[in-house]
Structures are given as structure tokens and as C-alpha cells.
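J.: could you work out the structure for the sequence below:
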Amino acid sequence: MNASETGYIPVGDLNVYYETYGEGGFPLLLLHGGLFDIEQQWAALIPGLAADRRVIAIDFQAHGRTNDIDRPLAIPALADDVVEVLKHLGLEQVDVFGFSVGGAVTIELAVHHPQLVRRIVVSSTSFSPDGDRGGNTEVVMEMTVDMIAGTPMEQVYMAKSPHPDREHLQTLLDKLGGIMEHTPGWTEDEIRAITAPTLITIGDCDMVKIEHAAHFLRLRGGDVNGDFEGVPESQLAVFPGSTHFSGIARTDLVLPAVRTFLD
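T.: From the prediction side, this is the model:
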């Protein structure tokens, strides 16, 4: 599916790349995970998501076609970038679908910018470090350019980045290690206080523990006997046979869950 609009939005020294698809309906913002970009993360899902609504997708700092700047990757800073992008596009409120790092930015928006979000989909993201199984963070912290040589992630970076060289790619890897190591998460009270109905999705063999996702759901008012209490606005989807990186690659499972929730 071809984008109806592409461009760059100046946010300080950043030039944030964005694409839009579809029209009508309530607007949906897509936020990708670390080392991904719009195309790698969302290409298979965008046609279904944009069938009856406007979809906006961005490349985070140092990802895809967005440049890097002399600033660590940090969830609050990325959320501030999103706020400026929405302001530039004249969007007062959106639904947000974020994966991994993008899911953390989605939580940050819901906690600190509640007026901007109507509904949120948080995929393969824990709200506190103790919700992760361990392993992924340590691997990212030790990752080098040589370790991803020849992979689609390296190839796409070199093809799209405003600074396509190994030095900048290694800087991105180092910054991603920092974002995973230094994100403290949110308190249970902050999660309870989120006003936006929340769909939590994980793979059944994700880096996020199933028990943590269930706790996340309870804090959002879910895990009740819906036959007697009604179906809660916040929900949980566990995709079978899915890891962290393949968690939203199962389009046949993801699309109906997300579309039904958003609608």
C-alpha cells in the first residue's frame, strides 16, 4: 500500500520522518520498536489498519529516515518528539499502537499526555523491568555492527539513514542498549490512572512474562468475570507460537484483535 503523504517534521535538530495512509475514521499513530522502522515493523499491517481510518507512522530518532542527534535515546524524549509531531500535523487526539520501545513511548504518552490519546495498544512491552524474562536487554547492550552484518536491519539502515555508515549504526546500537538499561518504568499507580482503554498484546514466548501482562491487565481494570461484570474496556491478547520479534508479525492474529479493540 502506497503512502498518501510522506515528509519530515522539524523537532529541534531532529527531522522526524513520517508517512500517512488511508482517510476517515479516528486517526491511528504507529510507533515501531528498536532497530525497526516504518516499513520493517508495519508494512504487513498498514493495509488492514488503514482500510477505514487515517494511519500515521513515524521513524524515531536515529531510525529509518530520521536523523540522529547528540542526545541519548530515552522514552520521555521520544514521547516529547511524538507530541511535537502531532502538534505539527494538527492532531488533537489519536489512538496509538506501539511495539516494544514504541510500546513504552505509548505508555509514556498515556501517563503524561493523557489528553492526546483515546485508546492505546501496547505490544510486547513491560511497564517495569521486573516484567521481562531477561536476556534481550543484555544482548542489545553488547550488540555490535559486526553481529548484525548482512541482516535486513543493517541493510535497511544503510539504505535509508541520513548517515549510512558503521559508526552511526554502532552509536544507535549503543543508545538502544542504554534505553533498555535505564528505563525505570512506571509505578502501579501511574498505570492504574491511565484513562485510555488499553489493549495489551504479547507473544506466548515473548520477552515479557505472561504473568506480568496479566498484572498489567488487572491494573487496567481487566481480568474479571465478564459474564457478570461486563467485558472491561482494557483487554489482553496472547498470540500463540510468537516470540518478542515475531509478536506482531502474525498479521492473521494481530489485525482482528487490534481492529476490534479500536472499533
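J.: low-confidence ranges, the stretch 51-200 of the chain, go.
T.: Residue ranges of the stretch 51-200 of the chain with pLDDT under 70: 135-137, 180-181.
J.: a strand runs through residue 191, doesn't it?
T.: No - secondary structure of residue 191 (DSSP: H, G, I helix; E, B strand; the rest coil): helix, not part of a strand.
J.: burial check on it, number of neighbours?
T.: Residues lying near residue 191 (other C-beta atoms under 10 Å) number 20. Quick note: C-beta positions are derived from backbone N, CA and C, even for glycine.
J.: what's the answer for the one 5 residues further on, then?
T.: Other residues near residue 196 number 22, with proximity taken as other C-beta under 10 Å.
J.: could you measure it against residue 109, distance?
T.: 9 Å (C-beta to C-beta, to the nearest Å).
J.: overlap in contacts of those two?
T.: 117, 120 (C-beta atoms under 8 Å, 6 or more residues apart in numbering).
J.: who touches stretch 106-117?
T.: Identification of contacts with stretch 106-117 by C-beta under 8 Å, 6+ apart yields 31, 75-76, 78-79, 82-83, 86, 92-98, 120-122, 125, 127, 186, 190-191, 193-196, 198.
J.: buried ones among those?
T.: Buried residues within the contacts of stretch 106-117, counting neighbours by 16 or more other C-beta atoms under 10 Å: 31, 75, 78-79, 82, 86, 94-98, 120-122, 125, 127, 186, 190-191, 194, 196, 198.
J.: so of these, which ones are in strands?
T.: Using DSSP state E, the subset of the buried ones among the contacts of stretch 106-117 located in strands is 31, 94-98, 120-122, 198.
J.: and those, which is closest to residue 170?
T.: Within these, the smallest distance to residue 170 is 23.7 Å, found for residue 31 (C-beta to C-beta).
J.: which residues sit in contact with the closest one?
T.: Contacts of residue 31 (C-beta under 8 Å, 6+ apart): 58, 60, 82, 96-99, 101-103, 105-106.
J.: pipe those into JSON lines and attach distance to residue 50 per row.
T.: Putting these into JSON lines (distance: C-beta to C-beta, whole Å) gives the following:
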{"residue": "58", "distance to residue 50": "15"}
{"residue": "60", "distance to residue 50": "20"}
{"residue": "82", "distance to residue 50": "19"}
{"residue": "96", "distance to residue 50": "15"}
{"residue": "97", "distance to residue 50": "12"}
{"residue": "98", "distance to residue 50": "17"}
{"residue": "99", "distance to residue 50": "17"}
{"residue": "101", "distance to residue 50": "22"}
{"residue": "102", "distance to residue 50": "17"}
{"residue": "103", "distance to residue 50": "20"}
{"residue": "105", "distance to residue 50": "21"}
{"residue": "106", "distance to residue 50": "19"}
